[in-house]
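>>> Have a look at this prediction, sequence included:
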Amino acid sequence: MESQNINQEDEKIIINQELNIWEALIPVIALVGLLAYNVFVFGDSALGGSNQFILIIGAAIAAIVGFKNKVSYKSMVEEVAQNLKSTTGAILILLMVGALAGTWLVSGIIPTMIYYGLDILNPTIFLAACVIICAVISVATGSSWTTSATVGIALIGIAGALGISPGMTAGAVLSGAYFGDKLSPLSDTTNLAPAMAGTDLFTHIRYMTYTTVPTIIVTLLFFIILGFTNDTTGAADVSQYQGAIDATFNTSPWLFLVPIAITAIGTR
């Protein structure tokens, strides 16, 4: 009993000071300010700037604020390790997703989706078809940017030949691309969000459908109505784009079995 009292007396109790809102915002303001300066200096080449060094400076400022409020170095390292541990699963998934997306591109799966997706284009349903094509490809790739930069550009070119507004076409492309990216199990943000919230991936996706599915339905209805009210002046000639795809990649309807199998296994 006496030894327990002695041990308790020998323990050094550290009481951390309570941070006020301004102290808590110091690292955030410093990080945002430095990143903004990096973008201002490097412009379009901001990714080639010193982003990693800026992140280290932000971490150093946060550490200084912590030391000032009597947070030990050991506690900081333990918290960092705990945060990294919670994101390990998502990071591994993102690494595998990158390998999967590259494999699907080289093997011709993604080009096949684009190739046969262009076949369903019709001037009347062109805008709605843009939404559907981009949504499917974005779900398969997990990237809205990749979808917009590939098939999106082709669709805008076709829209010009049909006399359809490029702005409306861009809106349809982005609507489908971001819808697919949001619900794709291969998307980086879709994987990181449940990892941070402490839930599993498909539970997160299921709850996102409560808002995204009604949104995409309204969007499709809007573009269908718009398509029936628009006057088109040309035909959807996609042979040039399909010829370029066919000359570069191996395309076959059998390749659709791969994403169908992956989706079926993932949803079980």
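Thanks, I have the structure now.
>>> alpha carbons only for contacts and neighbour counts from here, please
Noted.
>>> Now for residue 115: which residues touch it?
Residue 115 makes contacts with 241, 242, 245, 246, 251, as judged by Cα atoms under 8 Å, 6 or more residues apart in numbering.
>>> which residues in the chain form helices?
2-10, 21-42, 51-68, 73-107, 109-117, 126-141, 144-149, 151-162, 166-183, 188-197, 201-229, 239-248, 257-266 (DSSP state H).
>>> Export these to JSON lines and append columns for mean pLDDT.
As requested, these are exported to JSON lines (pLDDT from 0 to 100):
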{"stretch": "helix 2-10", "mean pLDDT": "49"}
{"stretch": "helix 21-42", "mean pLDDT": "83"}
{"stretch": "helix 51-68", "mean pLDDT": "85"}
{"stretch": "helix 73-107", "mean pLDDT": "77"}
{"stretch": "helix 109-117", "mean pLDDT": "76"}
{"stretch": "helix 126-141", "mean pLDDT": "85"}
{"stretch": "helix 144-149", "mean pLDDT": "80"}
{"stretch": "helix 151-162", "mean pLDDT": "78"}
{"stretch": "helix 166-183", "mean pLDDT": "88"}
{"stretch": "helix 188-197", "mean pLDDT": "78"}
{"stretch": "helix 201-229", "mean pLDDT": "87"}
{"stretch": "helix 239-248", "mean pLDDT": "78"}
{"stretch": "helix 257-266", "mean pLDDT": "70"}
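>>> and those, which is most packed in?
helix 126-141 (a mean of 26; mean count of other Cα atoms under 10 Å).
>>> what angle separates it from helix 166-183?
Here helix 126-141 runs at an angle of 30 degrees relative to helix 166-183 (axes from the mean of the first three to the mean of the last three Cα atoms, to 10 degrees).
>>> tell me the angle helix 126-141 makes with helix 109-117.
160 degrees.
>>> tell me what helix 126-141 is packed against?
helix 109-117, helix 144-149, helix 151-162, helix 166-183, helix 201-229 (3 or more Cα pairs under 8 Å, 6 or more residues apart in numbering; DSSP states H and E).
>>> Now do the third one: distance to the chain's middle.
Pointing back at helix 151-162 there. What separates the centre of helix 151-162 from the centre of its chain is 24 Å, taken as Cα atoms, centre = their mean, to the nearest Å.
>>> Could you figure out how far it is turned away from helix 126-141?
With the same axes, to 10 degrees defining the directions, helix 151-162 sits at 170 degrees from helix 126-141.
>>> And the longest one, by the same measure?
For helix 201-229 against helix 126-141, the angle by the same axes, to 10 degrees is 160 degrees.
>>> For helix 201-229, enumerate the helices and strands it packs against.
So helix 201-229, by 3+ Cα pairs under 8 Å, 6+ apart, packs with helix 126-141, helix 166-183, helix 188-197.
>>> and if we set it to 7 Å?
Contacts defined by 3 or more Cα pairs under 7 Å, 6 or more residues apart in numbering; DSSP states H and E place helix 201-229 against helix 126-141, helix 188-197.
>>> Over to the shortest one?
When contacts are defined as 3+ Cα pairs under 7 Å, 6+ apart, helix 144-149 packs onto helix 126-141, helix 166-183.
>>> make it 6 Å
Helices and strands touching helix 144-149, by 3 or more Cα pairs under 6 Å, 6 or more residues apart in numbering; DSSP states H and E, are helix 166-183.
>>> Pop out the phi and psi values for residue 150.
In terms of degrees, to the nearest 10, the main-chain angles of residue 150 are phi -110, psi -80.
>>> Quickly note the distance from it to residue 76.
For residue 150, the distance to residue 76 (Cα to Cα, to the nearest Å) stands at 44 Å.
>>> and if you look at residue 69?
12 Å.
>>> Residue 124: what's it in contact with?
Shown here is residue 124, whose contacts under the criterion Cα atoms under 6 Å, 6 or more residues apart in numbering are 227, 228.
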